[in-house]
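Visitor: Here is the input, now give the coordinates:
(one chain, ligands or ions: 2)
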Amino acid sequence: MRTIDIFDTTLRDGEQSAGVNLNTVEKIEVAKQLERLGVDVIEAGFPAASKGDFDAVKKIGETIKNSSVTGLARASIRDIDAVWESLKTTAEPRLHVFIATSPIHMTHKLKMTPDQVIEKAVETVKYAKKFFPVVQWSAEDAGRSDLNFLVKIMEEVIGAGASVINLPDTVGYMTPQKYGDMFRFVRENVPNIDGVKLSAHCHDDLGMATANSLAAIENGADQIEGTINGIGERAGNAALEEVAVALRIREDFYGASTRLKLDEIKKTSALVSKLTGMRVPANKAVVGNNAFAHESGIHQDGMLKEKTTYEIITPELIGVNSTRLVLGKHSGRHAFKNKALELGFDLTEEKLKEAFDTFKDLADKKKEIVDDDLFSILTNKQTEIGEGAGFKLERMQVQYGMDNIPTATIELRDENGDLKQLASTGSGSVEAIYNTIESMLPSPSRLLDYKINSVGGGRDALAEVYVRLEYDGDSTSGRGTAQDVLEASARAYLNAVNRMLQQKAAMKEKVAVKAGV
Ligand SMILES: CC(=O)SCCNC(=O)CCNC(=O)[C@H](O)C(C)(C)COP(=O)(O)OP(=O)(O)OC[C@H]1O[C@@H](n2cnc3c(N)ncnc32)[C@H](O)[C@@H]1OP(=O)(O)O
Ligand SMILES: CC(C)C(=O)C(=O)O
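Guide: Ligands and ions are numbered 1, 2, ... in the order given. Below you'll find the model as predicted:
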């Protein structure tokens with residue numbers, strides 16, 4: 001059976017999803033979970049894009065040992081240097097360099113002739129080969145490129161040293177038949193293709209990213225690129241969990257497998273969803289909450305008689321545990337630590353103690369603590385911003401009545417430890433809270449987006465709020481969890497501001513260190 005490499009781009013193309021912004025600590029947590037999942041390659045970011053991306057790629061390269069780490073670059077010496085600087089100390093530095101090959105992109109975006117594109121591609125691959133043992137080259141918008149041109153440029157970049165060639169369907173335009181044909185065509189026509197890995201990278205604009213990726217495998221692709229939960233630019237990328245599970249369930253047809261530990265899928269999906277704020281739709285294939293829920297009588301009857309009547313994937317395959325160990329207010333530290341490890345969290349003793357205290361507080365208020373609650377508490381603890389960074393919510397009181405003006409009174413502790421108190425009104429309770437917080441902050445801020453999810457089920461479920469704001473002229477995002485919707489809303493707003501303050505403080509520190517201050 002063939003083994004297909006899995007190239008995960010959740011932290012690069014996935015982070016290109018509108019409204020998603022992960023900080024370095026969060027990216028490292030995702031990368032560690034991707035390593036546990038067993039992905040072959042982690043595309044950690046685009047180092048030339050920003051200081052933050054550069055730092056995240058560097059730290060991920062230093063942290064991850066069992067997957068190779070790569071960074072993206074345009075066909076530009078400056079971009080390639082940035083990837084090299086961020087990954088040069090890793091065991092197997094790997095570069096992903098791309099240039100567009102479709103007439104639309106070459107003419108209108110790059111403003112280059114096909115010959116100039118070939119020249120640029122060859123020059124940059126040759127340059128990269130001086131540093132990187134593995135150079136992956138991508139023909140952006142391959143799906144809309146001329147096949148004979150693709151053959152020509154591939155031959156040249158392979159000659160220059162590229163050992164992995166990616167043929168992306170950048171705009172999600174391909175059909176399975178057409179995408180598969182492209183892979184077969186280049187395999188048959190590029191003269192020096194032996195020993196070169198072919199990679200597929202699909203977008204989901206027409207809802208065909210998974211089907212197209214599988215068609216590429218049928219026609220000779222050795223590597224599949226995608227993201228967890230299918231997040232990514234526009235309608236997203238191929239969902240890796242769908243591709244991997246389809247290969248396992250239809251092994252009879254595809255005759256191919258991956259190295260993924262499929263029982264880490266659910267956990268990875270939940271972590272990515274929580275940190276990005278991109279909720280997984282209940283009916284999403286493989287990881288949706290309803291993926292294993294049987295609703296109607298005839299189906300339930302069938303399931304009771306013989307599960308295979310309606311179940312092609314077992315929940316256990318992707319790590320959904322049907323036996324629940326319920327933790328409650330009588331549970332102790334050992335059971336809590338055990339559960340944390342089982343959920344994939346290896347916290348320091350101090351963070352574990354703090355998470356345990358939060359869990360005990362919640363257990364006093366909530367009837368039953370489910371895995372989703374614990375996952376939320378542990379993720380927040382694992383990725384929280386350090387003590388003393390920014391503003392802390394001390395107390396909050398909200399008055400609401402149908403005939404009254406909603407009013408929020410808030411007490412905040414600021415960065416210097418001073419307490420501030422203020423009350424403001426709004427047209428609703430959340431607006432009153434946000435008006436109050438905005439008046440207490442030293443720089444102007446404005447809410448751009450607000451989303452709320454419930455964690456777990458039932459009336460006492462936790463509320464999880466995601467916000468995107470503009471603070472001090474820059475865009476930032478944050479999340480807050482609490483049993484009360486209003487408290488979660490306030491916490492999310494402050495989390496977004498604190499993340500921005502932390503980022504700015506880190507930048508200042510770096511500039512000061514560089515200047516020798
Ligand atoms: C299909 C994909 O997903 S590609 C990856 C997309 N990811 C990103 O764009 C990451 C975030 N991007 C950024 O931070 C910025 O766009 C940067 C830092 C990369 C570049 O910023 P700027 O220098 O300000 O350029 P800007 O983004 O406005 O325009 C892109 C430039 O790169 C050029 N370019 C685009 N792709 C390539 C390529 N593969 N190779 C070389 N040049 C390229 C464009 O033609 C344009 O050049 P021009 O300025 O001569 O017209
Ligand atoms: C950079 C390439 C691989 C890409 O993301 C795309 O074409 O969608």
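Visitor: So what does the residue of the chain most remote from its centre have for phi and psi?
Guide: Each residue of the chain has a distance to the centre, and by C-alpha atoms, centre = their mean the biggest one is for Asp403: 43.6 Å. With angles defined as degrees, to the nearest 10, Asp403 sits at phi -100, psi 10.
Visitor: And Glu43, by the same measure?
Guide: Per degrees, to the nearest 10, the backbone of Glu43 is at phi -90, psi 110.
Visitor: list the contacts for it?
Guide: Residues in contact with Glu43 (C-beta atoms under 8 Å, 6 or more residues apart in numbering) are 7-9, 11-13, 70-72, 96, 225. (C-beta placed from N, C-alpha, C; glycine too.)
Visitor: quick one: the helices in the stretch 401-517 of the chain?
Guide: Applying DSSP state H, counting those that start in this stretch to the stretch 401-517 of the chain gives helices spanning 429-440, 485-514.
Visitor: With adjacent residues omitted, what lies nearest to the residue in the stretch 151-300 of the chain that ligand 1 sits nearest to?
Guide: Using C-beta to the nearest ligand atom, the single residue of the stretch 151-300 of the chain nearest to ligand 1 is Thr170, 5.1 Å away. Using C-beta to C-beta, 6 or more residues apart in numbering and skipping the chain neighbours, the partner closest in space to Thr170 is Asp141 (4.4 Å).
Visitor: and if you look at Lys367?
Guide: Asp460 (6.0 Å).
Visitor: Can you get me a residue count around the one you found?
Guide: Residues within reach of Asp460, counting by other C-beta atoms under 10 Å, total 15.
Visitor: for Ile42, phi and psi?
Guide: Dihedral angles for Ile42 - degrees, to the nearest 10 - are phi -110, psi 120.
Visitor: This structure against ligand 2: which residues are in contact?
Guide: 13, 72, 98, 138, 140, 166, 168, 170, 201, 203 (C-beta under 6 Å from any ligand atom).
Visitor: Let me know whether the last one touches Ala239 as I believe.
Guide: No. The pair His203 and Ala239 does not pass the contact test of C-beta atoms under 8 Å, sitting 11.5 Å apart.
Visitor: any common contacting residues for those two?
Guide: Joint contacts of His203 and Ala239 (C-beta under 8 Å, 6+ apart) are Ala209.
Visitor: need the contact list for the closest residue to ligand 2 within the stretch 301-450 of the chain.
Guide: The nearest approach of the stretch 301-450 of the chain to ligand 2 comes at Asp449, 24.1 Å away (C-beta to the nearest ligand atom). Contacts for Asp449 were tallied using C-beta under 8 Å, 6+ apart; they are 19, 466-468.
Visitor: change it to 6 Å
Guide: Each residue near Asp449 by C-beta atoms under 6 Å, 6 or more residues apart in numbering is listed here: 19, 468.
Visitor: What's opposite it in the beta bridge?
Guide: When bridges are called by DSSP bridges, Asp449 pairs up with Arg468.
Visitor: Show me which residues of the chain are close to ligand 1?
Guide: Contact residues, the chain versus ligand 1 (C-beta under 6 Å from any ligand atom): 13, 16, 46, 48-49, 74-76, 98-99, 109-110, 140, 170, 233.
Visitor: Can you turn the buried part of the residues you listed into a PyMOL selection?
Guide: A single PyMOL command selects the buried members of the residues of the chain next to ligand 1 (16 or more other C-beta atoms under 10 Å):
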select buried, resi 13+16+46+48+49+74+75+98+99+110+140+170+233
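Visitor: Looking at the residues of the chain next to ligand 1, which is nearest Ile249?
Guide: Among those, Asp13 lies closest to Ile249 (C-beta to C-beta), at 25.4 Å.
Visitor: per-residue confidence at that closest one?
Guide: Note on Asp13: pLDDT of 98.
Visitor: Surely it and Gly232 touch.
Guide: Yes. Using C-beta atoms under 6 Å, Asp13 makes contact with Gly232 at a distance of 4.5 Å.
Visitor: For the helices of the stretch 401-517 of the chain, please prepare a markdown table with the additional fields mean neighbour count and mean pLDDT.
Guide: Below are the helices of the stretch 401-517 of the chain laid out as a markdown table (neighbours: other C-beta atoms under 10 Å; pLDDT from 0 to 100):
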| stretch | mean neighbour count | mean pLDDT |
| --- | --- | --- |
| helix 429-440 | 20 | 97 |
| helix 485-514 | 18 | 85 |
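Visitor: Throw those into TSV and include distance to Met154, thanks.
Guide: Below are those laid out as TSV (distance: least, C-beta to C-beta, whole Å):
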stretch	distance to Met154
helix 429-440	53
helix 485-514	40
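Visitor: So, low pLDDT: which residues of this protein?
Guide: Scanning the chain for pLDDT under 70 picks out 322-326, 385-389, 510-517.
Visitor: at 50 instead, please
Guide: Scanning the chain for pLDDT under 50 picks out 323, 387.
Visitor: per-domain residue ranges of it.
Guide: Following automatic domain parsing, the chain resolves into domains at 2-276, 292-320, 333-383, 392-510.
Visitor: could you dump those to TSV with distance to Ala285?
Guide: Below are the domains of the chain laid out as TSV (distance: least, C-beta to C-beta, whole Å):
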stretch	distance to Ala285
domain 2-276	5
domain 292-320	9
domain 333-383	20
domain 392-510	20
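Visitor: Pick the most buried one from these.
Guide: domain 2-276 (a mean of 21; mean count of other C-beta atoms under 10 Å).
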